[in-house]
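Peer 1: predicted model follows, preceded by the sequence.
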Amino acid sequence: MAKRDDPWADAPDRFDRADREWASKWSDRAPDDDAEPVAPPPVGYQNKKVTVGGVHDAYTDGMRQAGTHLGMGLQIGVSMVFFVGLGLLADRWLDSSPWGVIVGAALGMVGIMYLVLRMAREG
């Protein structure tokens, strides 16, 4: 449809504002505004040297802090696989498909909730 045939030519397009906001946020061009430039660092400023030991220490500290959560995620995954696997074995042994898997998944979720609540209580 040509612009001259558009009955709503005077009404703004409802997507124009969103398009402009997106373009201003994600555009590769420099912004058109007259924002103040970033001030240079003060005289005598020296960038801290990054050492391999410093990076290793930071990584070790981060892993130590995240270890509890990583272990919890592993326990959740393993317990779910374990209980669903038991349900699958029960289905094959008793020929009761899909009820063993459903019961196994439910037991796995109950176990996971117990684990999460226990971890929350321990703090």
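Peer 2: Cool, got the structure.
Peer 1: okay, now the unreliable bits of this structure?
Peer 2: 1-4, 6-12, 14, 27-36 (pLDDT under 70).
Peer 1: recalculate using a threshold of 80.
Peer 2: For the chain, residues meeting the criterion pLDDT under 80 lie at 1-41, 46-53, 123.
Peer 1: and the next element down the chain from the longest helix seen in it?
Peer 2: Looking across the chain with DSSP state H, the single longest helix is helix 52-94. Using DSSP states H and E, the next helix or strand after helix 52-94 towards the C-terminus is helix 99-122.
Peer 1: what angle do that following helix and helix 52-94 make?
Peer 2: Going by axes from the mean of the first three to the mean of the last three CA atoms, to 10 degrees, helix 99-122 is angled at 140 degrees with respect to helix 52-94.
Peer 1: name the helices or strands packed onto helix 99-122?
Peer 2: Under the contact criterion of 3 or more CB pairs under 8 Å, 6 or more residues apart in numbering; DSSP states H and E, helix 99-122 touches helix 52-94. Just so you know, the C-beta spots here come from the backbone N, C-alpha and C atoms, and that holds for glycine as well.
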